[in-house]
Structures are given as C-alpha cells and as structure tokens.
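**Student:** just need the structure, nothing else, for what follows:
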Amino acid sequence: MFLHKIFVYVDFFSYLCTRILEMKHRIAILLAILCVVCMANAEHLSWDYSHAAPEMNPDRGLSFSGIVNDPEGEKNGLKGIKLNSSGWCSFEKAPVAGVLKLTFGPRSGMNPASLQVFLCSSNEPQGASLIATTCEVNSLRTLQINLTAEQNNIYITRLRNTETVLQKIEFEEGVFAPVVPCEPLAEAISMYSADMRLDTMPKETVFFLSELMEANKTGNKTIYLPNGVYDMGALVLTAIEANDISIIGESMDGVIIRNVPDYRYESIDKTATMRICPGVERTYLQNLTIQNGLDYYKNDNGRAVALWDQGTKTVCQNVRLLSYQDTYYSDMAGGVKYFEDCEIHGTVDFICGNGNVYFKNCLLYCEKRSKDGHGTDALTASSATKSDRGYVFEGCTVKSECPAVSLGRSWKRNPKCVFLNTVLDYSAGYFELENKDIQRWTKQGMSVLPEYFGEYNTTDTKGRVVSPKANEVIFTHNGATKMLNTILSGKEAECYTMEYVLGEWAEEAKKSIKNHNQ
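**Tutor:** As a prediction, the model looks like this:
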C-alpha cells in the first residue's frame, strides 16, 4: 500500500462506518465506497504539524529523528520536525511525478535556513544522491521541488548551520512548479549599507559615525566622545577598519555607544554593536560603554555581541560591555588583547572565542539567565587554538543576579581558561558555583573536552579563601571523558603572567595605557 492512501481520510471513514452500523443509512454506505475509491486513486500526501508536533511518530511511512514543539512566544514558536546537525526525515512517495512542497523556517532568530533533498534507498544518508537544495529563508516559508516518478525514497536534512523546523510536507501528483530564482534575504543594516541614513540619526550618532568613517580611511586617529548616548538604532557591525584608531570617551558611565538589533537576527556574527575587523592592529578603547540592546529576555536567549574583536593588540581600559549572550567575542587565533579596569556583563558564554586575552582588575557581572530568574550563567566559552594561551583573569571580581554560575565551558578546539585571585562579591545576590551540571566549571563540553581550566586563590570580599584545596572534575563530551584538578598550586599560578599570555606585546600594552592617560 503506497503512502498516497493517507491517514487524513481515516477520521471521516470511521465516522461513516459508525453511521452505517448505528443508522444503516444507504447514503452513508455509498459515500464510504466512494471515499475508498478516492483514496485508492489519490496521489496526494500531506503531513502538517503547524498545530501540534506529535510526541511519537503516528504517520505510517514518515520517519524522523526528532521533533520541536515550541509554544507561542518561545523562539519562533514553530512546531514540526527538528533538523539540527544530526536531524533528518525520510518517506516514500508514490511512483508518480509531481511537486514536493516543504514549509520550513529557522527555529529561532532570522538566520538563513535551507534544506537539501536526497534520493536514497534507506533511512540513512550514506550513498544518497542529492536531488535539490532549497533557497534560503529567514522566516517560515513554503518552497517547491519538482520530482519525477522515479524519485520515490526521499531523505531531507538541513543545509545551512541553522537549527531548522520542517513544519509541513506535501506532495501533489501532476503539478509542476515553475523554477523561481532565489530572492536575496533581508539583511540587518550595517555601517555601509545603502539603507543606512545619517540624516535620520541623532546628532551625537552622526558625529561619531562620521568621525569613524574618516578614521577608517587612513587610520592613526583618535576620536574623542563627550558624554552622551550614541544611539545607532538597528545599525549593526559598526566597524573599525584601520590600524591605530583610538576611541576615548569622557567617562565610562556617560558615553554609551549602543544599538538595538531586531531580536530575530540574533547571531554571533550579524548583530554586533562594534566590530574590530580582521587583522586590524592597535585599537584602543577607553572610558566608554558599548551596549547591544537586543531584546534577550523576549525568548530568554539571543546571541548579541557588543564587541566583536577580530583584530590584534587591542587595549580596553575602563570600558563597559553590556549584553547577555556572547557579549565579548575574541575572534582572531593568535591575536593578543588586554583589558584593564573594565566591566563585562552577560549571561551565557559572555566572554567567548580564541586568541590570547589577559583581563586585569575587571568586573564580570552575571545578569539573570531568564526572566523568571532561574538557570545557570557561564562566564566564558573558550575556543583557543593549540598555540593560543587562552583567557587569563587576574584580580577580577564576579557579581551575579543569577543563582548559579559556571566559570566556563568548552566550546571548540583546545579550550583554555584560568582565574587567579578572583573575588566573589555577593552584593548583587548570592550565587553558587556548583549544581548538577557544574563543578565550578561546566562538566559537559559543547563540542570538545577542555585543554585546561584552572583557578587559584578565589576569595570573598573579606579576603577569606573560598576555593577548595582540590576540585577534580570529570569533563565529558560524546562519551569521552577527561579528569582535571582545576585548582592550581601557587607555583602553577605564577606561570600565568601577563607576559606569558601576551608575549613581547605585554610591555607595549602597558605603555599604551600610560601614554593615553598622560
């Protein structure tokens, strides 16, 4: 029996049979016979999860790896088949030609989502031949693919690295869709977008952007910003593109550079407030606040970078970075960066990336993980390369409005992170560094096991040592394990100096701060 004998007729057929048994209506008998005939001849199949995704698969012939049932207001509120990195679905259609209609979209945000459709002989992708790929969409859309009579065993996965929800699958015999070229996706407005208009922005913002555009032409320029809010609205990725650009504000509290991107664009590389472009050297930021105002609590998630640093020899002195997830993103393998007397606020992985970064006397402020105040924050997510020294925090203070905090978790490559002489300050709320998922560090790696995580001489605000004498953690990822004692001895802690992390540039970083404060 082919799939075109679809379950959508079952309820109606059952109703008619009941009428036959109870009322013995001859009309009902006739209609039932006609429906059976229609079912036998129909070449149309449909699975629709727009109202509710099933807890298990009731659909004969349709198989899938998992489902999504997000309520209204959570992420994008979609229901259907979950296509993540290991997600798939498969089915067999009748041996007739027609059009396959797929309704799908990104599970959260507006990141581009697309599908790839294979012809296969089993539910596994191995040996499958690619039939087609869909256009990219950043909202729920229905796209069509023409199939021949021979293309019967269908296997579908996602194409882009975006968690995708496949909400509806339809096949209709004898109907062929015209080939429609893919439309370009709507993009967030960036600094050099044609849609970016200075004449619609506040005068303070116009001044800042105009000065920055001029500085990007030649480099080697200092921009002084008086106290004020430099509100760029939905503008994203405001770029520092040349070497030796300094941006110095009148005060950290008084100078606020901010944007408010649409929450649907949430992404680590699309919504940043400020971006130091790849390879740019000697950016200097001082006495200012950079804020990404994406509405994180709308869905209790949303990557929104305040400072995306793809440069090297970056210095931040008395700078506050405000966001929630991925607030500071260091994104240049081998790059060196120095933070002194700064504040970084966030919830999830709010200091993340690779390179060699030394943080001295900084405040790490954990915001509420969710609207209701529950959950766990993670300070760091290292993706250090094999040759990177990773993140080292010296004399920093941790405050939290979240009841549980992890010092960090493994992201990619060779994660490395060390906290030295940290102060836990409970003035914003009491928090623990342990629960079922964390043992001062998050035990489960995102994609790898850590290279090393370390901690030395953590105290409270009264100077009492609160770090344990030992902390043996069994880190796990995909069945692999690694045990580390994350408590360093005094001798081990002495190795993680500013010079060790930043190399020869350490002295230049100190001189840069001294010269800018004369």
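
**Student:** so what pLDDT did Ala509 get?
**Tutor:** As predicted, Ala509 sits at a pLDDT of 98.

**Student:** could you pull up the residues touching it?
**Tutor:** For Ala509, the set of contacting residues under the criterion of C-beta atoms under 8 Å, 6 or more residues apart in numbering consists of 313, 315, 336, 338, 498, 502. From N, CA and C alone the C-beta is placed, and that goes for glycine too.

**Student:** doesn't Gly395 make contact with the fifth one?
**Tutor:** The one in question is Met498. No. Shown here, Met498 and Gly395 do not form a contact pair, counting by C-beta atoms under 8 Å, at 11.2 Å.

**Student:** what is the end-to-end distance of stretch 356-372?
**Tutor:** Across its full length, stretch 356-372 reaches 36 Å end to end, with C-alpha to C-alpha, to the nearest Å as the criterion.

**Student:** nope, stretch 414-428 is what I meant
**Tutor:** Across stretch 414-428, the straight-line distance between its terminal residues is 33 Å, by C-alpha to C-alpha.

**Student:** next: stretch 476-489.
**Tutor:** Its start and end residues considered, stretch 476-489 measures 24 Å (C-alpha to C-alpha).

**Student:** likewise for stretch 461-475?
**Tutor:** Stretch 461-475 has an end-to-end distance of 30 Å (criterion: C-alpha to C-alpha).

**Student:** so where's this protein uncertain?
**Tutor:** Residues of the chain meeting the criterion pLDDT under 70: 1-44, 51-60, 73, 121-128, 184-196.

**Student:** still on that earlier bit, among the contacts of Ala509, which lie within helices?
**Tutor:** Secondary structure assignment by DSSP state H places 498, 502 of the contacts of Ala509 in helices.

**Student:** any idea which of the contacts of Ala509 is the one closest to Ile169?
**Tutor:** Checking the contacts of Ala509 against Ile169 by C-beta to C-beta gives Val336 as the nearest, at 50.9 Å.

**Student:** mutual contacts of Met498 and Gly395, please.
**Tutor:** Taking C-beta under 8 Å, 6+ apart as the criterion, Met498 and Gly395 both touch Lys360.

**Student:** more crowded one of the two?
**Tutor:** Summary of the neighbour comparison: Met498 and Gly395, criterion other C-beta atoms under 10 Å, with Met498 having more neighbours (18 against 13).

**Student:** how about the helices of the stretch 151-300 of the chain, start to end?
**Tutor:** Remark: helices of the stretch 151-300 of the chain, listed N- to C-terminal, are 203-218; assignment by DSSP state H, counting those that start in this stretch.

**Student:** before we move on, what about the stretch 401-518 of the chain?
**Tutor:** Listed in chain order, the helices found in the stretch 401-518 of the chain under DSSP H, counting those that start in this stretch are 490-493, 498-502, 505-516.

**Student:** Asn76 is nearest to which of those?
**Tutor:** With respect to Asn76, and counting by C-beta to C-beta, the nearest of the helices of the stretch 401-518 of the chain is helix 498-502 at 40.5 Å.

**Student:** from the contact counts, what lies against the closest one?
**Tutor:** On a contact count with 3 or more C-beta pairs under 8 Å, 6 or more residues apart in numbering; DSSP states H and E, helix 498-502 meets strand 336-340, strand 356-360, strand 390-394, helix 505-516.

**Student:** can you list the strands that the helix or strand following the first one pairs with?
**Tutor:** Okay, so that is strand 336-340. Downstream of strand 336-340, the first helix or strand assigned by DSSP states H and E is strand 343-346. Using DSSP bridges, strand 343-346 pairs in its sheet with strand 314-322 (parallel), strand 363-366 (parallel).

**Student:** helix or strand next in line after the last one, which one?
**Tutor:** Toward the C-terminus, strand 363-366 is succeeded by strand 376-382 as the next helix or strand (DSSP H and E).

**Student:** tell me which strands that next one pairs with, and in which orientation.
**Tutor:** Looking at strand 376-382 with DSSP bridges, its partner strands are strand 348-353 (parallel), strand 404-406 (parallel), strand 409-410 (parallel).

**Student:** Serialize the ones you listed to TSV and add fields for distance to Asn152.
**Tutor:** As requested, these are exported to TSV (distance: least, C-beta to C-beta, whole Å):
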stretch	distance to Asn152
strand 348-353	44
strand 404-406	49
strand 409-410	43
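
**Student:** before we move on, the earlier item: can you redo the strands paired with strand 343-346 as JSON lines with distance to Val423?
**Tutor:** Listed next are those as JSON lines, based on distance: least, C-beta to C-beta, whole Å:
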{"stretch": "strand 314-322", "distance to Val423": "18"}
{"stretch": "strand 363-366", "distance to Val423": "10"}
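
**Student:** looking at those strands, which is closest to Pro202?
**Tutor:** The minimum distance between Pro202 and the strands paired with strand 343-346 falls on strand 314-322, with 18.8 Å, by C-beta to C-beta.

**Student:** contacts for that closest one, please.
**Tutor:** When contacts are defined by C-beta under 8 Å, 6+ apart, strand 314-322 is touched by residues 252, 258, 276, 282-292, 306-307, 327-328, 335-345, 509, 512-513, 516-517.

**Student:** now the helices and strands packed on helix 498-502 as a markdown table including distance to Gly490?
**Tutor:** As requested, the helices and strands packed on helix 498-502 are exported to a markdown table (distance: least, C-beta to C-beta, whole Å):
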| stretch | distance to Gly490 |
| --- | --- |
| strand 336-340 | 24 |
| strand 356-360 | 19 |
| strand 390-394 | 14 |
| helix 505-516 | 21 |
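
**Student:** reformat the strands paired with strand 376-382 as JSON lines; add distance to Thr205 and mean neighbour count.
**Tutor:** Written out in JSON lines, the entries for the strands paired with strand 376-382 read as follows (distance: least, C-beta to C-beta, whole Å; neighbours: other C-beta atoms under 10 Å):
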{"stretch": "strand 348-353", "distance to Thr205": "25", "mean neighbour count": "27"}
{"stretch": "strand 404-406", "distance to Thr205": "35", "mean neighbour count": "23"}
{"stretch": "strand 409-410", "distance to Thr205": "36", "mean neighbour count": "28"}
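
**Student:** those strands: which one's closest to Val175?
**Tutor:** Using C-beta to C-beta as the criterion, the shortest distance between Val175 and the strands paired with strand 376-382 is 45.7 Å, found for strand 348-353.

**Student:** what's the closest of the helices and strands packed on helix 498-502 to Glu163?
**Tutor:** Evaluated over the helices and strands packed on helix 498-502, closeness to Glu163 peaks at strand 390-394, with 27.4 Å, by C-beta to C-beta.

**Student:** contacts for the helix or strand that that closest one is followed by, please.
**Tutor:** Past strand 390-394, heading to the C-terminal end, the next element that is a helix or strand (DSSP H and E) is strand 397-400. Outside of strand 397-400, the residues within contact range by C-beta under 8 Å, 6+ apart are 362-366, 377, 379, 405, 422-429, 431.

**Student:** so what strands line up beside strand 397-400?
**Tutor:** Paired neighbours of strand 397-400 in the sheet (DSSP bridges): strand 363-366 (parallel), strand 423-424 (parallel).

**Student:** circling back: in TSV: the contacts of Ala509, plus distance to Asp231.
**Tutor:** Listed next are the contacts of Ala509 as TSV, based on distance: C-beta to C-beta, whole Å:
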residue	distance to Asp231
Lys313	29
Val315	25
Val336	32
Tyr338	28
Met498	36
Leu502	34
